[in-house]
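Q: structure, please.
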Amino acid sequence: MGTFEQPERPRFFSGPALLLTLLVVLFGLFSIRLWYLQIYKNEFYLSRAQDNRTRQSTMFSPRGIIRDRDGLL
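A: Numbers count the residues shown, from 1 in each chain. Below you'll find the model as predicted:
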């Protein structure tokens, strides 16, 4: 009698397929995190950035008033 050889089924979690699956999952998580920070938490970070942009403070120099070359402050 002849022997019937069953074709070898490809394993789903072989080396390259596992690596590709892992990369797709990591890219998806990264994309979700970017969406969360840029879209969902936009107002929070926008207000923090605007508050951090400029601060006005008066500093007194020990040499006196510093003027520009035209004599203006």
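
Q: CA only for contacts and neighbour counts going forward, please
A: Will do.

Q: separation between Glu5 and Phe27?
A: Between Glu5 and Phe27 the computed distance is 40 Å (Cα to Cα, to the nearest Å).

Q: name the residue in those two with the higher neighbour count.
A: When Glu5 and Phe27 are compared for neighbours, Phe27 comes out ahead with 12 against 6, by other Cα atoms under 10 Å.

Q: what's downstream of the helix or strand that contains that one, the next helix or strand?
A: According to DSSP states H and E, Phe27 maps onto helix 15-35. Note on helix 15-35: by DSSP H and E, the next helix or strand toward the C-terminus is helix 42-53.

Q: and the most centrally placed residue in the chain, what's its pLDDT?
A: The chain has Leu34 as the residue nearest its centroid, 5.9 Å off, counting by Cα atoms, centre = their mean. We have a pLDDT of 97 for Leu34.

Q: could you do Val24 as well?
A: Residue-level pLDDT assigned to Val24 equals 98.

Q: roughly how far does it sit from Leu18?
A: 10 Å.

Q: what do you get for Asp68?
A: 66 Å.

Q: so which of those two has more stuff around it?
A: Taking neighbours as other Cα under 10 Å, Asp68 and Leu18 compare with Leu18 leading, 12 against 7.

Q: any idea how far the more buried one is from Asp70?
A: Distance from Leu18 to Asp70, by Cα to Cα: 71 Å.

Q: cool, Ser57 as well?
A: Distance of Ser57 to Asp70, computed by Cα to Cα: 23 Å.

Q: repeat for Arg63
A: 18 Å.

Q: Ile39 now?
A: Distance, Ile39 to Asp70, by Cα to Cα: 48 Å.

Q: between those two, which one's more packed in?
A: Using other Cα under 10 Å as the criterion, Ile39 and Asp70 rank with Ile39 on top: 10 against 6.

Q: and the pLDDT for the more buried one?
A: On the pLDDT scale, Ile39 is placed at 96.
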